[in-house]
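[1] here's a sequence, model it:
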Amino acid sequence: MGGDFIQYLLTDKWVVPPELAEHYSEKIIYLPHQFLCSPMDISQKHFSRAYFDLPEEGFIFACFNRHYKITPELFDIWMRILQQVEGSVLLLSFTVEEAMENLRQSAKNRGVKPERLIFAQKIPHPEYLARFSLANLALDTLIYNGGSTTVCALYAGLPVLTKPGSTNASRMGASICASAGIEEMICHSLEEYEQKAVFMGTHPEELLPLREKLKLRNSPLFNLPDFVASLEVALEEIWNR
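    The predicted structure follows:
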């Protein structure tokens, strides 16, 4: 924050690795895993693709992060992914018509049919979580990762592909995926991000073990008592200082 009235930052080594800590004005207090944890209620309703006007066949990529996080560079990558995965669609969050039309036109300009972008309406949170299961793979944004959105996807059993940058906001996805036990979804380059998305889009069976792993919810990301215990240790450390 750059303010001397904020003395500490509670974080983890994915979000703020030691080589980046020198750029923070706060003293870093490392938690052993992720920097957030939250239990959630997920609807037990069984939704079909047709219920949400999704295609019955084909691979569904999803990103429910806010649209201002989508850069032209990232959109280029997403459109190349769609072009390489026949019959795939990209499920995005519903927003104002002007923004959705701009995205449709941007897809058309890149040689992708606008109807391959599908915008999901806002629904109650338990149903929102359940809807994630209809997608095959979530694609994280780059300069500003999904935070709670990524936690929601993983909680619902949907793997998330992410690529960390050098800032706090661009490293949240890696932290969350690591604490969910799916470090293989953390990419080290944009090329790897694109290649992995295409590979998974054309080999959807490769995602099944990850989905089953996430459904167990036995990783640190979903262990609220351990998170609270770690937070208590961190707060005690601050107090003792």
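[2] ok, Glu205 to Gly181 distance?
    Noted for Glu205: a distance of 20 Å to Gly181, by C-beta to C-beta, to the nearest Å. Using the backbone N, CA and C atoms, a C-beta is placed for each residue, glycine as well.
[3] apologies, that question was intended for Phe222.
    10 Å.
[4] between those two, tell me which one has more neighbours.
    Phe222 (21 against 17; other C-beta atoms under 10 Å).
[5] what about Ile28, how many neighbours?
    17.
[6] checking it next. Helix, strand or coil?
    strand (DSSP: H, G, I helix; E, B strand; the rest coil).
[7] where does Leu208 fall, secondary structure wise?
    helix 208-216 (DSSP states H and E).
[8] mind listing the strands for this structure?
    Here the chain has its strands, by DSSP state E, at 8-11, 27-30, 60-63, 89-93, 117-120, 137-139, 160-161.
[9] nearest to Tyr193, of those?
    strand 160-161 (6.4 Å; C-beta to C-beta).
[10] related to what we said a few turns ago, from the contact counts, what lies against the helix holding Leu208?
    Using 3 or more C-beta pairs under 8 Å, 6 or more residues apart in numbering; DSSP states H and E as the contact test, no helix or strand touches helix 208-216.
[11] now it, how far from the centre of its chain.
    16 Å (C-alpha atoms, centre = their mean, to the nearest Å).
[12] for that helix, buried residues please.
    Residues of helix 208-216 classed as buried by neighbour count (16 or more other C-beta atoms under 10 Å): 210, 213-214.
[13] adding pLDDT and distance to Gly147, write those out as CSV.
    Shown next, in CSV, are the buried residues of helix 208-216 (pLDDT from 0 to 100; distance: C-beta to C-beta, whole Å):
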residue, pLDDT, distance to Gly147
Leu210, 96, 20
Lys213, 96, 21
Leu214, 95, 17
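[14] and the pLDDT at the residue nearest in space to the middle of the chain?
    Nearest to the geometric centre of the chain sits Thr150, at 3.3 Å (C-alpha atoms, centre = their mean). Looking at Thr150, its pLDDT is 96.
[15] list the buried residues in the helix ranked longest in the chain.
    Taking DSSP state H as the criterion, the chain has its longest helix at helix 224-240. For helix 224-240, a neighbour-count test (16+ other C-beta under 10 Å) marks 227, 230, 234 as buried.
[16] stretch 118-131 now?
    Of the residues in stretch 118-131, those buried (16+ other C-beta under 10 Å) are 118-120, 128-131.
[17] what of stretch 88-99?
    88-93, 99.
[18] pull the CA atoms of it into CSV?
    Provided in CSV are the C-alpha atoms of stretch 88-99 (Å, rounded to 0.1, in the frame of the first residue of the first chain):
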residue,chain,number,x,y,z
SER,A,88,-15.5,-25.1,-28.3
VAL,A,89,-17.1,-22.0,-26.7
LEU,A,90,-16.1,-19.4,-24.1
LEU,A,91,-18.5,-18.8,-21.2
LEU,A,92,-18.1,-15.3,-19.7
SER,A,93,-20.1,-13.4,-17.1
PHE,A,94,-23.0,-11.3,-18.2
THR,A,95,-22.5,-7.5,-18.2
VAL,A,96,-23.7,-4.4,-19.9
GLU,A,97,-24.7,-4.8,-23.5
GLU,A,98,-22.0,-2.4,-24.8
ALA,A,99,-19.2,-4.5,-23.3
